[in-house]
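Student: What would the 3D arrangement of this be:
(one chain, ligands or ions: 2)
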Amino acid sequence: MVPNVLTIAGTDPSGGAGVQADLKAFSAHGAYGMSVITALVAQTTTGVAEVHEVPPEFITAQLVTLLDDVRVDSVKIGMLANAEVIRAVVEVLDRYAPPHVVLDPVMVAKSGDRLLAPEAVGALRDELLPRVDLITPNLPEAADLLGEPELADVDGMPAQAERLAGLGAKQVLLKGGHLSGESSVDLLYGDGIAEFLTSERVVTTNDHGTGCTLSAAIAALRPQRPDWLTAVRESKDYLTEALRASERLDVGHGHGPVHHFHHWW
Ligand SMILES: Nc1ncnc2c1ncn2[C@@H]1O[C@H](COP(=O)(O)OP(=O)(O)OP(=O)(O)O)[C@@H](O)[C@H]1O
Ligand SMILES: Cc1ncc(CO)c(N)n1
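Tutor: Ligands and ions are numbered 1, 2, ... in the order given. I've put the predicted structure just below:
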């Protein structure tokens, strides 16, 4: 059976990040994609111009309307904008308890623009994080969640992932994309086991939406794979290929998008 996969996230009219990236990644992994939009973002490859936040009651309305009709097999959560939206999402998760919830704790866009109010980080950490199955922070987000300095190399990743798991998420995928070096190293921590996941670092400026793509691919694959490690490994391999395939695109003048190729090409 094809899994029904939902993204709860903000938009990117240039199609590289947010809801648009998530739906492409869902399709590329054979899932049926659905979306609840938290914010309309005027952004492209060069940065964010403006954010139009959706009122929390309307996010609840979108979620309840959808969940009352459709079976949801897995959820990816991205940009949430503010603490009220976080609380609206928490309430719905409590009420419907969908399986396989992946949280990409989006805080700042690649351009440096904030996508989550600074005062909402506490609500994300204390109210949402304990209710999700997997969180996928990059190194600045991990540091912010823990109130620690940002890691500058891979050595501290296992201990930091363990501390993040201590905040309540069952699995932690700590992403090392912001480090330099020949490989791009992430770490999956769960059930007391830490596993480094290494891929070739693709030399490209088309790295807009890498985090969105990875977490969406994981959410699409998890209902179709036996465990998190298998779903995460396959998603990271897909992302590396999508980064390579981005050389076929000509989109914008800044950080371009990755290309969501389909396996049947
Ligand atoms: N140049 C690259 N080559 C290969 N993999 C990369 C590269 N850059 C990032 N990645 C991988 O992309 C994924 C996302 O990592 P990153 O740490 O950049 O997340 P992010 O900052 O949340 O992304 P974004 O906010 O741009 O969506 C990780 O699996 C990381 O290893
Ligand atoms: C809507 C949205 N979500 C996430 C990111 C992070 O890349 C972005 N730039 N825009």
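Student: List phi and psi for the closest residue to ligand 1 within the stretch 1-150 of the chain.
Tutor: Residue of the stretch 1-150 of the chain nearest ligand 1, by C-beta to the nearest ligand atom: Asn138 (3.6 Å). For every residue, glycine as well, the C-beta is placed using N, CA and C. Torsion angles at Asn138 (phi, psi; degrees, to the nearest 10) stand at phi -80, psi 180.
Student: Any figure for the gap between it and Lys175?
Tutor: Distance of Asn138 to Lys175, given as C-beta to C-beta, to the nearest Å: 5 Å.
Student: Please enumerate the shared neighbours of these two.
Tutor: Gly211 (C-beta atoms under 8 Å, 6 or more residues apart in numbering).
Student: just to revisit the earlier point, now do the residue of the stretch 1-150 of the chain closest to ligand 1: how many residues are near it, please.
Tutor: By other C-beta atoms under 10 Å, 24 other residues sit near Asn138.
Student: Tell me who's in contact with Gly15.
Tutor: Gly15 makes contact with Ala21, Lys24, Val251, Pro257, according to C-beta under 8 Å, 6+ apart.
Student: at 7 Å instead, please
Tutor: Neighbouring residues of Gly15 by C-beta atoms under 7 Å, 6 or more residues apart in numbering: Pro257.
Student: Ok, Val172 next?
Tutor: Val172 neighbours (C-beta under 7 Å, 6+ apart): Ile135, Ala161, Leu164, Ala165, Tyr189, Gly190.
Student: Can you flag which of those residues belong to strands?
Tutor: Judged by DSSP state E, strands contain the following of the contacts of Val172: Ile135, Tyr189, Gly190.
Student: which ones are touching the last one?
Tutor: Read it as Gly190. Listed by C-beta under 7 Å, 6+ apart, the contact partners of Gly190 are Lys170, Gln171, Val172, Trp228.
Student: Stretch 178-194 near ligand 1 at all?
Tutor: Yes. Stretch 178-194 is in contact with ligand 1 by C-beta under 6 Å from any ligand atom, via His178, Ser184, Asp186.
Student: Export those as JSON lines, with columns for neighbour count.
Tutor: Compiled in JSON lines, these are given as follows (neighbours: other C-beta atoms under 10 Å):
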{"residue": "His178", "neighbour count": "14"}
{"residue": "Ser184", "neighbour count": "23"}
{"residue": "Asp186", "neighbour count": "24"}
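Student: Using CSV, please lay out those together with distance to Ala83.
Tutor: Output for the residues of stretch 178-194 next to ligand 1, formatted as CSV (distance: C-beta to C-beta, whole Å):
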residue, distance to Ala83
His178, 26
Ser184, 32
Asp186, 28
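Student: ok, so of these, who is nearest ligand 2?
Tutor: Using C-beta to the nearest ligand atom, the residues of stretch 178-194 next to ligand 1 come closest to ligand 2 at His178, 12.2 Å.
Student: Tell me the pLDDT of the closest one.
Tutor: What the model reports as pLDDT for His178 is 92.
Student: Equivalent analysis for Ala169, please.
Tutor: Reported pLDDT for Ala169: 92.
Student: again with the one 5 residues further on
Tutor: On the pLDDT scale, Leu174 is placed at 98.
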